[in-house]
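> Coordinates only, no sequence provided:
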Ligand SMILES: Cc1ncc(COP(=O)(O)O)c(C=O)c1O
Ligand SMILES: NCC(=O)CCC(=O)O
């Protein structure tokens, strides 16, 4: 499948050719490549505003990638730009403590019930990496238990059985991970509580932690079946393992804080990132005092970072919390739009007889080209029709709708999307489903 001609305009094409020479694979993050769509140049983006991205060829796209879930307020929101501008005038980086990080930590303590203390990092990867180290130190054990197809960043241990961009490229196990690290990672099927209970009962005394996305955002959007998180958490605690909820995608996506509050199950350690930074890099983790006090300089678990608590990221995080906090109807609107979008897609598929499962929660939507009744785990997503997906996403791109270029990534709505964008998208879906049936 070579469709390079139709994916991007000539200026993007030329940039991509240069990128392929100068940057490995032409991209700085594999998730942005078009490999799952048959290859070719991705659109190179010149600027972004509201719900739209504009590429170097002068094409506009309704953006459902939203920086892979890092954005919820829309692009280039004036209040965010002002916050960034004001912060940057005070200096870009201090390498020292500053007031904003204290304010941000205090606000997160209020929003995340288990977080008596938090720590900021520069990325979600660093947050999860440290959370796992912390769990190992707290328990004195080695084994990390995680779930097949989830994605928790790109440090060695979590790239064993990873989803998202890694599975898009068939790299469920990255090369370069030492056997010793693999030996300490156990990957279980998501949404299979009996399997987790069996494993934990039999071997759980070696388990330091169970790391889980409370709602999966890395093999599409997949919610936990009733009882799954409760049973996993209970089984983990019964053998003395800690529960880490990775909320890098889910925090602030469905409500103004972590989704576990809505799901009714609490972790021992929680990680966050993405949306909190409002478009700037941030990550972080938090837990109850006795666990967090293990982190240096209070305790022996080491984590630091040149960019940790970056003043500009912190300023954007505070502005993000303000804007989310001031907009009481935000999540309701996202849910209304998400429902309308999902319903429009389901209707179109039913009318044309295209077998399709659509998941939606609030402003997150995901499509699975499958005739199975539902998709609950990674193996279910693997059985979906990758060719139909590729045709569909290419046809959407041709109509100015930018979707994540992988069947494992989720579509995200933002505060800047309106009925207008959703209606246009539903019309485009109709034509794209035609392309799926045509095989074009
Ligand atoms: C659940 C989850 N955890 C961790 C990460 C890693 O975050 P980052 O890309 O900021 O390193 C991601 C990124 O997609 C993620 O989805
Ligand atoms: N889950 C993978 C990513 O979040 C990657 C982000 C990006 O490529 O911008």
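Cool, got the structure. Because the structure is a prediction, the values reported are computed rather than measured. Ligands and ions are numbered 1, 2, ... in the order given.

> which residue ranges form the strands in the stretch 301-440 of the chain?
For the stretch 301-440 of the chain, the strands defined by DSSP state E, counting those that start in this stretch occupy 357-361, 364-368, 401-402, 411-412.

> Out of those strands, which gets nearest to ligand 2?
strand 411-412 (11.3 Å; C-beta to the nearest ligand atom). For glycine as for every other residue, the C-beta is placed from the backbone atoms N, C-alpha and C.

> and this protein, which residues reach ligand 1?
Proximity of the chain to ligand 1 (C-beta under 6 Å from any ligand atom) is limited to residues 68, 123-125, 128, 151-153, 164, 213, 217-218, 246, 248-249, 273, 283.

> now, which of the residues you listed lie close to ligand 2?
Answer for the residues of the chain next to ligand 1 near ligand 2 (C-beta under 6 Å from any ligand atom): 68, 151, 164, 218.

> Make JSON lines from these and add pLDDT, distance to residue 38 and secondary structure to it.
Below are these laid out as JSON lines (pLDDT from 0 to 100; distance: C-beta to C-beta, whole Å; DSSP: H, G, I helix; E, B strand; the rest coil):
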{"residue": "68", "pLDDT": "98", "distance to residue 38": "21", "secondary structure": "helix"}
{"residue": "151", "pLDDT": "96", "distance to residue 38": "23", "secondary structure": "coil"}
{"residue": "164", "pLDDT": "70", "distance to residue 38": "19", "secondary structure": "helix"}
{"residue": "218", "pLDDT": "96", "distance to residue 38": "22", "secondary structure": "coil"}
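
> What residues does residue 47 make contact with?
When contacts are counted by C-beta atoms under 8 Å, 6 or more residues apart in numbering, residue 47 touches 53-54, 76.

> Ok, residue 139 next?
Here residue 139 is in contact with 207-209, 240-242 (criterion: C-beta under 8 Å, 6+ apart).

> about what we covered before: highest mean neighbour count out of the strands of the stretch 301-440 of the chain?
Comparing the strands of the stretch 301-440 of the chain by mean neighbour count (mean count of other C-beta atoms under 10 Å), strand 411-412 ranks first with a mean of 28.

> so how far is that one from its chain's centroid?
On the basis of C-alpha atoms, centre = their mean, to the nearest Å, strand 411-412 sits 10 Å off its chain's mean C-alpha point.

> For residue 387, give its distance to residue 86.
According to C-beta to C-beta, to the nearest Å, residue 387 stands 49 Å off from residue 86.

> buried set for stretch 177-190?
Within stretch 177-190, the residues that count as buried by 16 or more other C-beta atoms under 10 Å are 177, 182, 184-190.

> What of stretch 367-380?
Residues 367-370, 375-378, 380 are the ones in stretch 367-380 that count as buried (16+ other C-beta under 10 Å).

> what's the closest of those to ligand 2?
residue 378 (14.3 Å).

> and the residue lying closest to the closest one once chain neighbours are set aside, how many neighbours?
Nearest residue to residue 378 in three dimensions, chain neighbours excluded: residue 149, at 2.8 Å (C-beta to C-beta, 6 or more residues apart in numbering). Neighbour count of residue 149, defined by other C-beta atoms under 10 Å: 28.

> I figured residue 149 hits residue 161, correct?
Yes - with contact defined as C-beta atoms under 8 Å, residue 149 reaches residue 161; the gap is 7.3 Å.

> Would you mind listing the residues touching both of these two?
Joint contacts of residue 149 and residue 161 (C-beta under 8 Å, 6+ apart) are residue 172.

> Please indicate which of the residues of the chain next to ligand 1 are buried?
68, 123-125, 128, 151-153, 164, 213, 217-218, 246, 248-249, 273, 283.

> Among those, which ones are in helices?
Among those, the members falling in helices (DSSP state H) are 68, 124-125, 128, 164.

> which of those sit farthest apart?
By the measure C-beta to C-beta, 68 and 128 form the most distant pair in those, at 15.4 Å.

> just to revisit the earlier point, among the ones in helices among the buried ones among the residues of the chain next to ligand 1, which one lies nearest to residue 333?
When these are compared against residue 333 (criterion: C-beta to C-beta), the nearest one is residue 68, at 21.6 Å.

> Touching, that closest one and residue 409? I think so.
Yes - taking contacts as C-beta under 8 Å, residue 68 lies within contact range of residue 409: 6.5 Å.

> Output the contacting helices and strands for the helix or strand where residue 244 lies.
Here residue 244 sits within strand 242-246, counting by DSSP states H and E. Under the contact definition 3 or more C-beta pairs under 8 Å, 6 or more residues apart in numbering; DSSP states H and E, strand 242-246 sits against helix 124-139, strand 207-212, helix 228-238, strand 269-272.

> redo that, cut-off 10 Å
Judged by 3 or more C-beta pairs under 10 Å, 6 or more residues apart in numbering; DSSP states H and E, the packing partners of strand 242-246 are helix 124-139, strand 143-147, strand 207-212, helix 228-238, helix 260-263, strand 269-272, strand 283-287.

> Can you check what angle separates the last one from helix 124-139?
Note on geometry: by axes from the mean of the first three to the mean of the last three C-alpha atoms, to 10 degrees, strand 283-287 and helix 124-139 are set 20 degrees apart in direction.

> re the thing from before, you'd agree the residue nearest to residue 378 is up against residue 222?
Yes - at 8.5 Å, residue 149 counts as touching residue 222 under the criterion of C-beta atoms under 10 Å.
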